[in-house]
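Trainee: requesting a structural model of the entry that follows:
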Amino acid sequence: MSSIRVTYSGLIAFLVGITGVITGIVFTIIVTRQLSVEELGLWTLIGSLISYVLIIEPIISYWTTRQIARGEKVARTSFATSGLFSIGAFTAFYLIAIIISDSLSVDIFPIVLASALIPIMFINNTLSAIALSYYPQGVSYSIVSFESSKLPLGFGLVHFLEMGLIGAIIATIISSVIKTIVLIIFTRKELVGEIKRHVIKFWLRLSWIPLYTNGTGFIFTLDVLVYTLFTNSLVGLAYWGVASAISNLVAHSGLISQAIYPKLLATGKKEFAEKNLERLMYFAIPLVAGSILFAKPALHILNPIYIDGVIIVYFLTFRTFSNILLNNFFNILGAYENIDLDKNASFKLYVKSRLFFLPTLLYIMNGLYIILLIIFLIISKDLGLNEVELVSGWSLILLSVVIPFLLYGILKVRQEYQISFHLKSISKYVASSIISFIVVFFALENSLVYSESVFDFLPQLIPLILFAGLIYFGLTFLIDKSTRELFSSIMNEIRK
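Mentor: Okay, here's the model as predicted:
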């Protein structure tokens, strides 16, 4: 819908994301410090297993976003259909749980308990797709409710009651229910009207498109299972999960772009894409620098036993940044595709469209990633690598495969839609981040004492983080006109 305020919803999403980072990190600290290495590895594995059965959910949410953004009333149909689809996924997860628990000789109960998340996540994803189409900040508010409720629940169940992995899963389930309630509140005006059977038929007839699209994610998430089966160990997954928690800080900058897809669907104006890309880089670049700079202290906070996994954080941070840009450029390319406006378009026309071509590129990328990972794990058996070295190689492979596809996305966006990247402003963001990095790096090296207690360590670290942010925002405000305009627009949005 053209009434979507890209800057406002993007800033709300980003601020919510940063809030989520703070609460999420505290929750992660509780989990990583209370769970054994094997339990933490199983926690990572459960997340991947759930993603496998969520593969069919985009049959609904994929079309929901596109249709509601263009003014079609399909929200109630989406909500009802999502509940039905979750039943099949719930059953499939049970079968997977039995096979995996038997193969790895682990307790099946935590995996079975986590199955309660499947119907909740189906409904959450569908409601998020509805909200994204006309009120994107509603998605952000639901994330706040999830993160803010998960923290006290996690502290009570995992730390105070010492329920371990079971407590972490229960906390996540309850928080997910709260998130669902919030999403229903924000989308309730759309959840009216009749359930349209012809819409469901349209989705089912073209279900191969979202299934094909989401299948790329399924292939990608096989990495955790592949690593586990080849090494028969959960230790590496623990390192992977901890490093991912830090590198995911960068992923929150991508929330700046959450409204650009429906906005381009509704208007097609490239100016929105250009300005949004500039805003994305403004926040993503310092977050990359911060993740690298504070990688070692962050690992120490999560659990000192993982501190030798710094190089893993580096690789995953750059990969996360590259993936944010890749998704942004592919979303721009996909938003300009309008084949689905013709409800009678043939299979052949869809195959020729970008709705098919872009996922095909992601299949190639993720398929190459899994193949290279398998080859690496086979070769590594004769090299005698330890768990940290194995996971470091794994993360380097993940970073390497995304680069050529990112370059393709950049080239196509520039060639076909003449979208400007505002390189002058971006270069200022890079320079300001480097200056901030250098100044705080020396402060870290000379003043930071790695105390075992989190309560002794955090008071040393937090001022340095704030100092780094102050240097970056201060420098960019002084040297970059676009930054001053951003701060002005923030004040204007607040007044609205």
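Trainee: what about residue 271, how many neighbours?
Mentor: 10 (other C-beta atoms under 10 Å). Every residue, glycine included, has its C-beta placed from N, CA and C.
Trainee: ok, now residue 155?
Mentor: Neighbours around residue 155, by other C-beta under 10 Å: 17.
Trainee: repeat that for the one 10 residues further on.
Mentor: Using other C-beta under 10 Å, the number of residues around residue 165 comes to 23.
Trainee: mind listing what's buried along the strand or helix carrying it?
Mentor: Secondary structure from DSSP states H and E places residue 165 in helix 164-187. Residues of helix 164-187 classed as buried by neighbour count (16 or more other C-beta atoms under 10 Å): 164-180, 182-184, 186-187.
Trainee: dump that helix to PDB, restricted to CA.
Mentor: This file holds the C-alpha atoms of helix 164-187, laid out as PDB (Å, rounded to 0.1, in the frame of the first residue of the first chain):
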ATOM      1  CA  GLY A 164      18.300 -26.000  31.400                       C
ATOM      2  CA  LEU A 165      17.400 -26.700  27.800                       C
ATOM      3  CA  ILE A 166      13.800 -27.500  28.700                       C
ATOM      4  CA  GLY A 167      13.400 -24.200  30.400                       C
ATOM      5  CA  ALA A 168      14.800 -22.400  27.300                       C
ATOM      6  CA  ILE A 169      12.300 -24.100  25.100                       C
ATOM      7  CA  ILE A 170       9.300 -23.400  27.400                       C
ATOM      8  CA  ALA A 171      10.400 -19.700  27.600                       C
ATOM      9  CA  THR A 172      10.500 -19.500  23.800                       C
ATOM     10  CA  ILE A 173       7.100 -21.200  23.400                       C
ATOM     11  CA  ILE A 174       5.400 -18.800  25.900                       C
ATOM     12  CA  SER A 175       7.000 -15.700  24.300                       C
ATOM     13  CA  SER A 176       6.000 -16.900  20.900                       C
ATOM     14  CA  VAL A 177       2.300 -17.100  22.000                       C
ATOM     15  CA  ILE A 178       2.600 -13.500  23.400                       C
ATOM     16  CA  LYS A 179       4.000 -12.400  20.000                       C
ATOM     17  CA  THR A 180       1.000 -14.100  18.200                       C
ATOM     18  CA  ILE A 181      -1.400 -12.200  20.400                       C
ATOM     19  CA  VAL A 182       0.200  -8.900  19.700                       C
ATOM     20  CA  LEU A 183       0.200  -9.600  15.900                       C
ATOM     21  CA  ILE A 184      -3.500 -10.400  16.100                       C
ATOM     22  CA  ILE A 185      -4.200  -7.100  17.800                       C
ATOM     23  CA  PHE A 186      -2.400  -5.200  15.000                       C
ATOM     24  CA  THR A 187      -3.900  -7.100  12.200                       C
END
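Trainee: check the offset of it from the chain's centre.
Mentor: Mean-position distance between helix 164-187 and its chain equals 17 Å (C-alpha atoms, centre = their mean, to the nearest Å).
Trainee: right, and the helix or strand after that helix?
Mentor: helix 197-205.
Trainee: quick check: which ranges of the stretch 201-350 of the chain have low pLDDT?
Mentor: Applying pLDDT under 70 to the stretch 201-350 of the chain picks out residues 254-270, 337, 340-343.
Trainee: next, residue 419: secondary structure please.
Mentor: Here residue 419 takes the coil state, with states given by DSSP: H, G, I helix; E, B strand; the rest coil.
Trainee: tell me which helix or strand the nearest residue to residue 311 once chain neighbours are set aside sits in.
Mentor: By the measure of C-beta to C-beta, 6 or more residues apart in numbering, the closest residue to residue 311 outside its immediate chain neighbours is residue 392, 5.0 Å from it. Taking DSSP H and E as the definition, residue 392 sits inside helix 387-417.
Trainee: what's the average pLDDT for that helix?
Mentor: Helix 387-417 comes out with an average pLDDT of 91.
Trainee: buried residues, the helix or strand following that helix. List them.
Mentor: Sequence-wise, the next helix or strand downstream of helix 387-417 (DSSP H and E) is helix 423-447. For helix 423-447, burial by neighbour count (16+ other C-beta under 10 Å) applies to 425-426, 428-429, 432-433, 436-437, 440, 444.
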